[in-house]
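Have a look; sequence and predicted model below, questions after that.
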Amino acid sequence: MTMSTDPLDTGSAIALCPSDVLAHQGHRPAHPAAHAASVASIKPHVQAIPSPLPEPRAPHSNRAALSRRSWLAGSLGALAGATATVVQPRAAVAAPSSIPAEVDPGALIHRLVDRTSFAITPADISLATSLGYSGFLEYQLDHLNIPEDPALVARLGALPTLTYSGQQLYDNVIVPNSSTIVNELIEAAIVRAVSSKRQLFERMVEFWTDHFNIDIAQSDSQYLKTLDDRAIRQHALTSFPQLLNASARSPAMLAYLDNDASSNGLINENYSRELIELHTVGADYFYSFPPASVQATIIAVARCLTGWGRYGSGFNDTSPGGTGTTLRGQFYYNTTGVRNRVTSNGVNFSGATAGAHDTGIKALGTIFGSAVIPAGRTGAAGQQDAQDVLNLLTAHSATATYISTKLCQRFLGEGVPTSIINAVRDTYLNAANPQGIGDIKAMLRVILSPNILAGAFPRFKRPFHLFCGAMRALPTTIISTSTLRTQLVRAGHLPFAWSPPDGYPDTTAYWTGQVLPRWSFCAALVTNTSGNAGGISGITVNDTTFFTGATTPAQVVDRIDQSLFAGLMGAADKAALQATLGAAPTAIQRRDAISLALGLPSYQWY
């Protein structure tokens, strides 16, 4: 697919569609090697839990009388050193059984806001301080009752494909070019991260999008990922069983992992394998079983999933009282016993993409406690085969451990003590939670409790986090994301563009080679080569408003400190930044100071 203009833009900025994503994948570092025991898979797999996180290197202190050029050179080296040099990790400490007396939740307000948002802002700190630690956490968890920013609502309303049905998304009269769907979904992810008041919710949407990854560059994903994103957003703060069931019935997921092509006698193992090793129990647990047992389980689960597919783009029920094209892009379970067939009012139709269900007996293997799916479930009853598998997986202790480990890593850092992971796992398995087992809010309450958050490890911002966080912390107006999308491609972190099914990596080690694209963004966001505001086409930062009342070097640096660092910028960084300013800072110097602050090693971590 090609396109000459971006339907979201009126200017000449570069457009980005799925073919562009594939063309730019060379900018992304190679994906890690697949799990050794799963070499038979055609797709790469998740890595083992990585070693503890390296600490950020302390900023340099000898910064007197620096020019912008020398600052850039020195800071770039510092940033590279901070990300590439592995120093001794912080010692892991067992989770205390209760909040120690010395841990004051009020003293952790900054950290709570920082870990639950894309950027810590003065407004967020003010709100969190007024609500208190627990009050702010509950406020963010109750996301549906947070009034959304009217400007954001209006902006999203200008992206109509976000609310289209599958029928509309597939209609080339309504949407002449599928790149419109792709670009609007990516733009929505960006502006929500930047402007939404529901920051913890948006971070959880990002987390689950990685967990249930779908590459939007694959053919039908261009149309169907929007529907999948809608399902993730619906369940991002409900429960893992609800989320997994929604994903398993997502036409985008079934197409991406080829389950819609799996049929009785001709199964496709892709979704079965990834459902187990990436979405639920995890590769480490799954491949701890003998290879023959693992393969037998993959085949048995794939047989259970036969018949799970979708109404394709060509479905057209023209029978009397039929549905016409309204079911296009929706989940379809094939009850006919014939591959890719839909029977309506006694009339057979093509246009569905779903195999015939295998009605034989299925022994699921040791991982499932030697459970057996009985033979003879025909017609609509056959769907229960896969539903039984989903129920067993969501209730599995290994799933609880795997999901808890990933959540802890996202919010607390790498190398989280086993005792903390086990506490989150036990919460997952507690059926008395309001949402039952896998209650996402209940798990987050444990992870973000003061005594646990107090010992969190530093986290290196992934490019999407860094870019959106910087725009959130500054008075930013986003008119177009076309050029920004290109920058995210270069940084290797465009939303929905990771090709393997395991989602974008969440380790510091993976992202340490991405220094230059990060610096390019930091330099371009506020300044360009002419020193004018707005170095990224379609995005402007109102530096005049930002620096209102700040006329001296100390005031300029303090404004940056309060807005970008919540008043926690180190003394050495302040002194170094102030050394780049004249006695009466010019507009160019002030804008440069923002860019330089964004590139500081201390801003690259949170």
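Received it, and whenever you're ready, just let me know what you need.

Look at the closest residue to residue 501 other than its chain neighbours and give its secondary structure.
Distance criterion CB to CB, 6 or more residues apart in numbering; nearest residue to residue 501, sequence neighbours excluded, is residue 274 at 4.9 Å. Glycine gets a C-beta too; all of them are placed from N, C-alpha and C. Secondary structure for residue 274, judged by DSSP: H, G, I helix; E, B strand; the rest coil, is helix.

I'd assumed residue 259 was in contact with residue 274.
No - using CB atoms under 8 Å, residue 274 makes no contact with residue 259, being 9.8 Å away.

host element of the spatially most central residue of the chain?
Of all residues in the chain, the one closest to the mean position by CA atoms, centre = their mean is residue 206, 2.4 Å from it. Residue 206 belongs to helix 199-211 when assigned by DSSP states H and E.

Which secondary structure elements does that helix sit against?
When contacts are defined as 3 or more CB pairs under 8 Å, 6 or more residues apart in numbering; DSSP states H and E, helix 199-211 packs onto helix 133-141, helix 178-195, helix 221-235, helix 397-412, helix 440-447.

What angle do helix 133-141 and that helix make with each other?
On the basis of axes from the mean of the first three to the mean of the last three CA atoms, to 10 degrees, helix 199-211 is oriented at 60 degrees to helix 133-141.

Off-centre distance for helix 199-211?
Centroid separation for helix 199-211 versus its chain: 5 Å, with CA atoms, centre = their mean, to the nearest Å.

Next, the angle from that helix to helix 221-235.
Using the same axes, to 10 degrees: helix 199-211 against helix 221-235 is 130 degrees.

if you average pLDDT over helix 199-211, what comes out?
Confidence for helix 199-211, expressed as mean pLDDT, is 98.

ditto for stretch 276-294
The model assigns stretch 276-294 a mean pLDDT of 98.

From residue 282, how far out is the residue nearest to residue 501?
Using CB to CB, to the nearest Å, we find residue 274 at a distance of 11 Å from residue 282.

again with residue 403
Per CB to CB, residue 403 is found 9 Å from residue 282.

quick one, which of these two is more surrounded?
Ranked by neighbour count (other CB atoms under 10 Å), residue 403 and residue 282 place residue 403 first, with 25 against 22.

Now the nearest residue to residue 480 once chain neighbours are set aside: phi and psi?
Spatial nearest neighbour of residue 480, excluding adjacent residues (CB to CB, 6+ apart): residue 538 at 2.9 Å. Main-chain dihedrals, residue 538, degrees, to the nearest 10: phi 90, psi -10.

Residue 230: neighbour count?
14.

wait, isn't residue 499 in contact with residue 221?
No - under the criterion of CB under 8 Å, residue 499 is not in contact with residue 221, lying 10.7 Å apart.

Identify the contacts common to the two.
Taking CB atoms under 8 Å, 6 or more residues apart in numbering as the contact rule, residue 499 and residue 221 both touch residue 215.

Quick check: buried residues in stretch 179-196?
179-196 (16 or more other CB atoms under 10 Å).

that older thread, between residue 499 and residue 221, which has more neighbouring residues?
residue 221 (23 against 17).

which ones are touching that one?
Applying CB under 8 Å, 6+ apart to residue 221 gives the contacts 18, 214, 215, 252, 255, 256.

Double-check that the fifth one belongs to a helix.
Yes - residue assignment for residue 255, taken from three-state DSSP, places it within a helix.

measure it to residue 218 for me?
8 Å.

ok, those two, which is more surrounded?
Comparing residue 255 with residue 218 by neighbour count (other CB under 10 Å), the higher total belongs to residue 255, at 26 against 17.

Tell me the confidence at that one?
97.

Which residues are in contact with it?
Residue 255 touches 218, 219, 220, 221, 224, 310, 353, counting by CB under 8 Å, 6+ apart.

my read: the fifth one touches residue 231, true?
No - using CB under 8 Å, residue 224 is not in contact with residue 231, being 10.6 Å away.

Quickly list what's touching both of those two.
Applying CB under 8 Å, 6+ apart, one finds that residue 224 and residue 231 are jointly contacted by residue 250.

which of these two has more neighbours?
residue 224 (28 against 20).

how many other residues sit next to the residue lying closest to the more buried one once chain neighbours are set aside?
Sequence neighbours aside, residue 252 is the residue nearest to residue 224 in space, at 3.6 Å (criterion: CB to CB, 6+ apart). Neighbourhood size, residue 252 [other CB under 10 Å]: 27.

before we move on, the earlier item: the residue nearest to the centre of the chain touches residue 468, doesn't it?
No - at 9.6 Å, residue 206 and residue 468 do not qualify as touching, with contact defined as CB under 8 Å.

Overlap in contacts, those two.
Counting by CB under 8 Å, 6+ apart, the contacts common to residue 206 and residue 468 are residue 193.

could you dump the helices and strands packed on helix 199-211 to a markdown table with mean pLDDT and distance to residue 457?
Listed next are the helices and strands packed on helix 199-211 as a markdown table, based on pLDDT from 0 to 100; distance: least, CB to CB, whole Å:
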| stretch | mean pLDDT | distance to residue 457 |
| --- | --- | --- |
| helix 133-141 | 98 | 20 |
| helix 178-195 | 98 | 23 |
| helix 221-235 | 98 | 27 |
| helix 397-412 | 98 | 6 |
| helix 440-447 | 98 | 13 |
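
and of those helices, who's closest to residue 287?
Among the helices and strands packed on helix 199-211, helix 397-412 comes nearest to residue 287, with 11.6 Å by CB to CB.

list the helices and strands the closest one packs on?
Right, helix 397-412 is packed against helix 199-211, helix 283-286, helix 418-428, helix 440-447 by 3+ CB pairs under 8 Å, 6+ apart.

what sits up against it?
49, 115-116, 203, 207, 211, 240, 280-282, 285-286, 367, 393, 416, 420-422, 424-429, 437-438, 443-444, 447-448, 452-453, 455-457, 506.

Selecting buried members of those residues in PyMOL, what would you type?
Burial among the contacts of helix 397-412 is assessed by 16+ other CB under 10 Å; the matching PyMOL selection reads:
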select buried, resi 49+115+116+203+207+211+240+280+281+282+285+286+367+393+416+420+421+424+425+427+428+429+437+438+443+444+447+448+452+453+455+456+457+506
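
Contacts for stretch 381-392 next, please.
241, 244-245, 248, 275, 301, 303-305, 307-308, 333, 335, 357, 359, 362, 364, 368-369, 371, 373, 377.

Likewise for stretch 227-236?
Looking at what lies outside stretch 227-236 - CB under 8 Å, 6+ apart - the contacts are 162, 166, 169, 185, 201, 204-205, 207-209, 212, 214, 242-243, 246-247, 250-253, 329, 440, 496.

What part of this protein, helix or strand, is modelled with the least confidence?
Across the helices and strands of the chain, mean pLDDT, DSSP states H and E gives its lowest value to helix 18-23, namely a mean of 34.

residue ranges for the strands of the stretch 501-606 of the chain, please.
For the stretch 501-606 of the chain, the strands defined by DSSP state E, counting those that start in this stretch occupy 539-541.
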